[in-house]
Each structure stands twice: as C-alpha cells, then as structure tokens.
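Engineer: here is a sequence with its predicted model. Questions after.
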Amino acid sequence: MTEVTESQATAAESGASATERFRQKQKVETATSKERVSTLATEVLTAIHDVIRRHQVTYEEYDALKAWMIQVGLDGEWPLFLDVFVEHVVEQVANDSRQGSKGSIEGPYYVPGAPALPAEATLPMRDGEAGTPLLFQGQVRGVDGKSLPGAVLDVWQADSAGYYAQFAPSLPEWNLRGVVTADDEGTFRIHTILPAPYQIPTDGSTGNLISAAGWHAWRPAHLHFKIASPGHHTITTQLYFEGGEHVTDDIATAVKPELILDPVPASDGNGLEVTYDFVLDPA
Ligand code: DHB
Ligand code: FE
C-alpha cells in the first residue's frame, strides 16, 4: 500500500463534504416521465453492453468495477467524479442556444450564502493571504448591450495552494468566496489573488481510477462565477489564465477559448489586473 500523506488525506475529505452539500441541495424530487427514464436508462445500459462485447470484459474486470463503484459511494466522491468527467457535456447541452457569455461547469465546491460585497471589494481572505494579487474588473450587460445595474456576481475560487474553503480543513469559512453587487453601470472591481491549479484528490476512488488509467489529476487555475440579474438567464462559468498549467489538458474538459483571461501588470504596480465583461441572455 502507498502511504497517505497528510495533504492527500485532507484532500479526500473534500469529496465527502461535496456529497453532503449536494444532498442538502437536492431535497426536491424531479418528476421525469416513465418514457424518458426508460429511454435514457436503456441507452446507457446498451452503451455499457457494447463496451463489454467490444473489449471482451472479463468477470475479474466486472467485479473490479463493482468494487470501485461501491468505494466511490463510500468515499462520497460521486459529485466529484461526475463533475469532472460528465458535467461538461451537460453544460454544453444546457447552454447550446444561448448568445451571451460562455458557461462552464459548476463543479462540486459552490456554497450559497457567501458574504455580500459592494461593487468594488476585496474577497474575504486571511491576513497576508499567499498568492499574486489580482484585480478582476468589468461590466455585466444584456445581449442588447445595455448595462445591468445591480447585477450579482457570486465568486468562489481556490487559494494559492489549490484548496477551497469549506472543503479543506483550516481555511476560514468564506475564504475567497463572496457575492458582489455591481454598481449602477453594472461594473465591478474585485480584488483577489491568483488561484493555483487544482488537483483532484489522489487518495480517493476518483484518484484511484485516474492513476490506474495513467491520467493526470489536474484542472488549470480558475475563478468560478454565477452571474445573475432579474429577467436574465443566470450564467454559471469559470475563467482561466493564458499560458497556465493544464489550460490545454484540463481533466474536467471545461476550458473554452472565450474563457481564458490574459492579465497584465496592475497599473498600481501591485500584482496583475484584467478586464472581462459578462453578457447575459434574457430569461
Ligand atoms: C472539481 C473541482 C473543481 O474545482 C472544479 O471546478 C470542477 C470539478 C472536482 O474535483 O470534481
Ligand atoms: Fe473549481
């Protein structure tokens, strides 16, 4: 057995926390017709049968799959696994016909209820928070080009070690999370730090699959957003950084060219700054 280091062990807790979060959110039962359930279940099962035939899957491999699926549940890693390997296609289908800014996956680490902040604000952070300072500024508009006064930007990100508050121990509850209300012109100026690339916990069952397959476990550094304005479609998206590690080989396949920022040295000499405008479709 490989030894589990402390940082890997703590990373694994993030899977279980994400499962708890998701279960709290998912109290409502959705009514899906028998016909649709049957169609989707039949096609998923048929796809699995085809793989078994095509690759002559053995009983040993079948039992390994069963054991692995049991372990994903025990580890609480279904949200993490599904958001890394499946959500990007759901997002693509959901947002195919929108005209406004591109969306991207939500991932498992969104927490509603972060501290409310004004249009120019610093995200909650520790004294001397490590990382390059970043000023992220811009405007929220409709597809008609009109500004959206009071648009709300819910922002969350990893710290400069790649950890998310509430999913890793010893981070303040709302570290690098905030809900910013844009001003009368829909503009915002958010002071934060550059996040680090994020590694899928390597000691859990998702990590086991990744290493058994010889894949890497990395997502590029990213900022998460939900952008909302009354009468408009809320965008869930992420922004990445030009030239950043794993921008071209994100394990979650969630990077799009329109979502890559290219920050420049800040005019006040303190770190970097970048401007990005969000465009919302009518609801
Ligand atoms: C996962 C983590 C993220 O930070 C993210 O943005 C998407 C997915 C994950 O571990 O599943
Ligand atoms: Fe993330």
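Structural biologist: Perfect, I can see it now. Ligands and ions are numbered 1, 2, ... in the order given.

Engineer: in which helix or strand does the closest residue to His222 other than its chain neighbours reside?
Structural biologist: Leaving aside its chain neighbours, His222 sits nearest to Gln238 (4.5 Å; criterion: Cβ to Cβ, 6 or more residues apart in numbering). Backbone N, C-alpha and C define where each C-beta goes, glycine included. With secondary structure defined by DSSP states H and E, Gln238 is part of strand 235-241.

Engineer: residues in contact with the residue nearest to Ile193 when sequence neighbours are not counted?
Structural biologist: In space, and not counting its chain neighbours, Ile193 is closest to Gly131: 3.3 Å by Cβ to Cβ, 6+ apart. With contact taken as Cβ atoms under 8 Å, 6 or more residues apart in numbering, Gly131 is in contact with Asp159, Ser160, Ile193, Leu194, Pro195, Ala196.

Engineer: of these, which belong to strands?
Structural biologist: With DSSP state E as the criterion, strands contain Ile193 from among the contacts of Gly131.

Engineer: quick one: buried ones out of the contacts of Gly131?
Structural biologist: Asp159, Ile193, Leu194, Pro195, Ala196 (16 or more other Cβ atoms under 10 Å).

Engineer: tell me the spacing between the third one and ligand 1.
Structural biologist: Think Leu194. As defined by Cβ to the nearest ligand atom, to the nearest Å, Leu194 lies at a distance of 15 Å from ligand 1.

Engineer: quick one: what helix or strand has the most centrally placed residue in the chain in it?
Structural biologist: The centre of the chain sits closest to Gly107, judged by Cα atoms, centre = their mean, with a distance of 3.3 Å. If you go by DSSP H and E, Gly107 is not part of any helix or strand.

Engineer: same check, this time on Thr42
Structural biologist: Going by DSSP H and E, Thr42 is in helix 34-55.

Engineer: following that helix, which helix or strand shows up next?
Structural biologist: Immediately after helix 34-55, counting by DSSP H and E, sits helix 59-75.

Engineer: averaged pLDDT, the helix or strand that that next one is followed by. What do you get?
Structural biologist: Next along the chain after helix 59-75, taking DSSP H and E as the criterion, comes helix 78-85. Regarding helix 78-85, the rounded mean pLDDT is 95.

Engineer: buried set for helix 78-85?
Structural biologist: Within helix 78-85, the residues scored as buried using 16+ other Cβ under 10 Å are Trp78, Pro79, Leu80, Phe81, Asp83, Val84.

Engineer: that one vs helix 59-75, what angle?
Structural biologist: 120 degrees (axes from the mean of the first three to the mean of the last three Cα atoms, to 10 degrees).

Engineer: quick one: residues in contact with helix 78-85.
Structural biologist: 14-15, 18-19, 21-22, 72, 105-108, 200-201, 204-206, 209, 219, 251-252.
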